[in-house]
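Engineer: Quick one, fold the following:
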Amino acid sequence: MASRDQLVAVCDRYVELVSAGDTDGILALYADDCWIEDPIGSERKVGKEALREFYDGIGKLDVTPVMARIGPVCVCGGEAAFQFRIDIDLGEAQIAMTSTDVMTFDDDGRITSMRAFADAEAHPDQAPGA
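Structural biologist: A predicted model of the protein is given here:
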């Protein structure tokens, strides 16, 4: 099984690569038999080709999401959950929101599944209890 440090590093690398728009780098983090549900409630994207289409689609939106992890990566066995801030510059408007991603990993530390709890109303600077 992959170590806690390995899983934390994969989560951080994922955030970095999505911000950079590096689809090939992102896909290298995933196992061959992977799937994602991003956002929760959407249809699962299964396999690397479906993931390529999804991540390439982000780049085609003509916006660059800037992501940064906030808080710790919580690791339990072969699973991890972490929050990150997403900032999107739309020119005349700015969007800031929070997502919590939950990932499962294989023994080599490659992502086998990812579920994104993206919440457009969860502003990353929101005070606790607000």
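Engineer: so how far is the top helix by length along the chain off the chain centroid?
Structural biologist: Longest helix in the chain, counting residues (DSSP state H): helix 4-20. Remark: helix 4-20 is offset 9 Å from the chain centroid, using CA atoms, centre = their mean, to the nearest Å.
Engineer: list the buried ones in that helix?
Structural biologist: In terms of neighbour count (16 or more other CB atoms under 10 Å), helix 4-20 has its buried residues at 7-8, 10-11, 14-15, 17-19. Where you see a C-beta, it was placed from the backbone N, CA and C, and this is true even at glycine.
Engineer: One more: stretch 62-77?
Structural biologist: Neighbour counts over stretch 62-77 (16+ other CB under 10 Å) mark 65, 67, 69, 73, 75 as buried.
Engineer: With secondary structure and pLDDT added, can I get those residues in a markdown table?
Structural biologist: As requested, the buried residues of stretch 62-77 are exported to a markdown table (DSSP: H, G, I helix; E, B strand; the rest coil; pLDDT from 0 to 100):
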| residue | secondary structure | pLDDT |
| --- | --- | --- |
| 65 | strand | 86 |
| 67 | strand | 94 |
| 69 | strand | 96 |
| 73 | strand | 98 |
| 75 | strand | 98 |
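Engineer: Alright, I will stop here.
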